[in-house]
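**Q** based on what follows, work out the 3D shape:
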Amino acid sequence: QVQLLESGGGLVQAGGSLRLSCAASGRTFSSYAMGWFRQAPGKERGFVAAITWSGGSTYYADSVKGRFTIFRDNAKNTVYLQMNSLKPEDTAVYYCAAASVLGTWYREYDYWGQGTQVTVSS
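**A** So this is what the prediction gives:
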């Protein structure tokens, strides 16, 4: 069992940056692949980024490549999403999730946080 808690969301102007954090409970955090997803009103939850259990491999949605960076600190049971050059279309609730095997579809993930709102103003 893994419990996840996101933080770091907020309101930022276009072009700005935010860093999201996701703190996990449980001793098995380091065995899970971790992902970030986002959901805007009226839209399906969509893949943003994912990272393997070791942090050795990362994957990104095309829409965020070059702007967002996912990384993790297994000693702190935390995964991060550094978001730079933010755009209004990045506005959404951002969720972190844990999976036994890394994937890019939200149904492949077993555990979810409650989400944190990111709003980018133009």
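**Q** may I have the beta-bridge partners of the most centrally placed residue in the chain?
**A** Centroid-nearest residue in the chain, with C-alpha atoms, centre = their mean: residue 36, separated by 2.4 Å. In this entry, residue 36 is beta-bridged to residue 49, residue 96, by DSSP bridges.
**Q** so who does it touch?
**A** 20, 22, 48-50, 70, 79, 81, 94-97 (C-beta atoms under 8 Å, 6 or more residues apart in numbering). To be clear about C-beta, it is placed using only N, CA and C from the backbone, and glycine gets the same treatment.
**Q** gap between the nearest residue to residue 8 once chain neighbours are set aside and residue 57?
**A** Nearest non-adjacent residue to residue 8, counting by C-beta to C-beta, 6 or more residues apart in numbering: residue 20, 4.2 Å away. Counting by C-beta to C-beta, to the nearest Å, the gap from residue 20 to residue 57 is 20 Å.
**Q** out of these two, which sits in the busier spot?
**A** Higher neighbour count among residue 20 and residue 57: residue 20, with 24 against 11, using other C-beta atoms under 10 Å.
**Q** helix, strand, or coil at the more buried one?
**A** Following DSSP: H, G, I helix; E, B strand; the rest coil, residue 20 is assigned to strand.
**Q** so what's it up against?
**A** 6-9, 36, 80-81, 83, 94, 96, 116, 118.
**Q** can you do 6 Å?
**A** By C-beta atoms under 6 Å, 6 or more residues apart in numbering, the residues touching residue 20 are 8, 81, 94.
**Q** from the residues you listed, which land in strands?
**A** 81, 94 (DSSP state E).
**Q** highest neighbour count among the contacts of residue 20?
**A** Most surrounded of the contacts of residue 20: other C-beta under 10 Å gives residue 81, at 27 neighbours.
**Q** list the contacts of residue 60.
**A** For residue 60, counting by C-beta under 6 Å, 6+ apart, the contacting residues are residue 49.
**Q** redo that, cut-off 10 Å
**A** Residue 60 makes contact with 36, 47-51, 66-70, 104, according to C-beta atoms under 10 Å, 6 or more residues apart in numbering.
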